[in-house]
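1. no sequence on hand, only this structure:
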RNA sequence: CGGGGCGUGGCGCAGUCCGGUAGCGUACCUGGUUUGGGACCAGGGGGCCGCAGGUUCGAAUCCUGCCGCCCCGACCA
């Protein structure tokens, strides 16, 4: 086990916190509920942004930016929406500070009260639809396919680094369409983009599905999601895509004239993923030695550690290393040469394992003599000595293999942890003993869903899109059911 | 917001019951020896003990109030 890292077996959530802090991804800020994302962690977020941003652009979306502040009246326009967020909003009430008369410090100037309070956005549907009203007159203005990268604030009672913080970073897409079909298609298109990204970049397999009435986004007609399974058997919602129907168009009076000259409300979607993905990435792959980051998101692909006894030896090693790092960089890989003489090689090995660098090369005097270099992969811990001249050719396919292996491992784990159950007794028993995903029949009522949640803490993660029609009986009520839904305890 | 725990050099902790002016590990700095899986030796710097009152000759320690953090629950991406 890594030094100072709690093992997963001993305490999974402490293990997670240890990794985030020790691998230098993030730390708790002195600002309650907020985190500082450190350079190494932010670099992962930048890779996520780059990957997703390209996919959004490739599917016709463009980026824009809307205000952080939302007038209270905007939020109030869509009833279920306000209700959904009311309990966790930060509110700006004043716009000026002043020195206290008694010299006790700086106070809020009571004379500088805002006429209308501003809400720090918990999400931007309302400000954005307020703009869309001005932008949309005709079917020719549609569709409107806009995304924004932003921060949002939800006043959380209990926070966990990356998984739940009061302020977090995300992207939120907001689109407007002329027809219901088109908006529904967009909702599912984005769901596919998310699933593609999470599986192929993050190496985390997901279940695509639809949320139950009880779990959907306030203000949406339908909420779709991708659900991932963490190593402790709990589910993590990794992304959501909402079909908003005409709810926001009606709330903000966004109408357009169709080809037929008739006036109609616009159809909308919204969708988002957040820095929470980083939490999922950690919990899906990493081990007791530290992070395991898939190559496609790794801030550093290859780290090179020289093993030397003298300056002269280091110079000879550096000369050789410069050749391969230049070549790897030319091919587009991120390479770090750690030639510090203040730490021993063993220390560096442990450090880069902790940080999840996919490939480590080590080269010393022995290798110089033999024309070799040691190549180690983080995911399997496998080490082998290879000819120096071949190493740059070996790395690209190895990175591909590591990416694939990480996914395969997570996929296999999910398969093993996905259980079909037909009785409530089995469900409760296996939920405790085994954890993971459960496919079970449900009568479709909110009452049953709530009762199961109350009794077991497990929720319906989604109604999987690919689940086949199958006659069965609800495991709780015994009423007829047409298909199985996905249950799990969740983050 | 309810229940529990904790605030002491950067980090992790001991000392608090039983008051006497702060210690350990680690990290840090300097010098030397080391370097193929988290080096060693020697020397050195750093803390008004969460904050504010009170008791006392004297408070990290006792009393009162406040603040913050962590864990468990309810709510949530």
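-> Thanks, I have it. Every value quoted in this text rests on a predicted model; they were computed, and no experiment measured them. Residues are numbered from 1 along each chain as shown, chains lettered A, B, ... in the order given.
2. can you point me to the longest helix in chain A?
-> In terms of residue count, the longest helix belonging to chain A (DSSP state H) is helix A:391-416.
3. up against RNA strand B, what does the stretch 51-200 of chain A have?
-> Contact residues, the stretch 51-200 of chain A versus RNA strand B (Cβ under 7 Å from any atom of the strand): A:87-88, A:154, A:156-160, A:163-166, A:168. C-betas here are computed from N, CA, C, even on glycine.
4. from RNA strand B, how far off is residue A:448?
-> Using Cβ to the nearest atom of the strand, to the nearest Å, residue A:448 is found at 16 Å from RNA strand B.
5. whatever helix or strand that residue lives in: how far from the chain's middle?
-> Counting by DSSP states H and E, the element that carries residue A:448 is helix A:446-456. Counting by Cα atoms, centre = their mean, to the nearest Å, helix A:446-456 is centred 27 Å from the centre of its parent chain.
6. next SSE downstream of it?
-> strand A:459-464.
7. pull the residues that contact that following strand.
-> A:207-212, A:214-215, A:224-225, A:227, A:235, A:237, A:437, A:439, A:442, A:449, A:452-453, A:483-490 (Cβ atoms under 8 Å, 6 or more residues apart in numbering).
8. buried ones among these?
-> A:207-212, A:215, A:224-225, A:227, A:235, A:237, A:437, A:439, A:442, A:449, A:452-453, A:483-490 (16 or more other Cβ atoms under 10 Å).
9. restricted to helices, list these.
-> A:449, A:452, A:453.
10. and these, which is closest to RNA strand B?
-> residue A:453 (7.6 Å; Cβ to the nearest atom of the strand).
11. setting aside sequence neighbours, what's the nearest residue to the closest one?
-> residue A:459 (5.2 Å; Cβ to Cβ, 6 or more residues apart in numbering).
12. burial check on the one you found, number of neighbours?
-> Number of residues near residue A:459 (other Cβ atoms under 10 Å) recorded here: 20.
13. what do you get for residue A:12?
-> By other Cβ under 10 Å, 17 other residues sit near residue A:12.
14. how many neighbours does the closest residue to it other than its chain neighbours have?
-> Of all residues not flanking residue A:12 in the chain, residue A:232 sits nearest, at 4.4 Å (Cβ to Cβ, 6+ apart). Here the count is done by other Cβ under 10 Å, and residue A:232 has 15 residues near it.
15. same question, residue A:71
-> Counted with other Cβ under 10 Å, residues neighbouring residue A:71 total 17.
16. measure it to residue A:251 for me?
-> 14 Å (Cβ to Cβ, to the nearest Å).
17. check what pLDDT the closest residue to residue A:60 other than its chain neighbours gets.
-> Distances taken as Cβ to Cβ, 6+ apart put residue A:145 closest to residue A:60, at 5.3 Å, once the chain neighbours are dropped. pLDDT recorded at residue A:145 is 98.
18. now the one 3 residues further on
-> Taken from the predicted model, the pLDDT recorded for residue A:148 is 97.
19. so it: helix, strand or coil?
-> Three-state assignment for residue A:148 (DSSP: H, G, I helix; E, B strand; the rest coil): strand.
20. around it, how many other residues sit close by?
-> When neighbours are counted by other Cβ under 10 Å, residue A:148 comes out with 17.
21. got a list of what it touches?
-> Contacts for residue A:148 were tallied using Cβ under 8 Å, 6+ apart; they are A:63, A:64, A:65, A:66, A:124, A:171, A:172, A:173, A:174.
22. and for residue A:375?
-> A:359, A:360, A:361, A:383, A:384, A:385, A:386, A:391, A:394, A:395, A:398.
23. make it 6 Å
-> For residue A:375, the contact set (Cβ atoms under 6 Å, 6 or more residues apart in numbering) comprises A:361, A:384, A:386.
24. with adjacent residues omitted, what lies nearest to the last one?
-> Using Cβ to Cβ, 6+ apart and skipping residues adjacent in sequence, the residue nearest residue A:386 is residue A:375, 5.3 Å away.
25. show me what counts as buried in the helix holding residue A:448.
-> In helix A:446-456, counting by 16+ other Cβ under 10 Å, buried: A:448, A:449, A:452, A:453, A:456.
26. please tell me how far the last one sits from residue A:431.
-> Which is residue A:456. 6 Å.
27. who wins for neighbours among the contacts of residue A:375?
-> residue A:361 leads these on contacts (other Cβ under 10 Å) with 24 neighbours.
28. the helix or strand containing that one pairs with which strands, parallel or anti?
-> In the assignment (DSSP H and E), residue A:361 maps to strand A:359-364. Neighbouring strands of strand A:359-364 in its sheet, by DSSP bridges, are strand A:302-307 (parallel), strand A:372-377 (antiparallel).
29. angle of the helix or strand just after the last one against strand A:359-364?
-> Sequence-wise, the next helix or strand beyond strand A:372-377 is strand A:383-387, with elements assigned using DSSP H and E. For strand A:383-387 and strand A:359-364, the angle between their directions (axes from the mean of the first three to the mean of the last three Cα atoms, to 10 degrees) works out to 60 degrees.
30. partner strands of strand A:383-387, with direction?
-> Strand pairing (DSSP bridges) places strand A:383-387 next to strand A:372-377 (antiparallel).
31. so for the partner strand, mean pLDDT?
-> The model assigns strand A:372-377 a mean pLDDT of 98.
32. ok, now stretch A:218-226?
-> 95.
33. stretch A:185-192 too?
-> 98.
34. in that stretch, what's buried?
-> The neighbour-count check on stretch A:185-192 (16+ other Cβ under 10 Å) flags A:186, A:187, A:188, A:189, A:190, A:191 as buried.
35. closest to residue A:18 among those?
-> The shortest approach to residue A:18 among the buried residues of stretch A:185-192 belongs to residue A:191, at 33.5 Å (Cβ to Cβ).
36. which phi and psi values does residue A:151 adopt?
-> The phi and psi torsions at residue A:151 (degrees, to the nearest 10) take the values phi -110, psi 150.
37. near RNA strand B, which residues of the stretch 201-350 of chain A show up?
-> So the stretch 201-350 of chain A meets RNA strand B at A:217, A:237, A:240, A:274-276, A:289, A:307-310, A:341, A:343-347, A:349-350 (Cβ under 7 Å from any atom of the strand).
38. nothing else from me, thank you.
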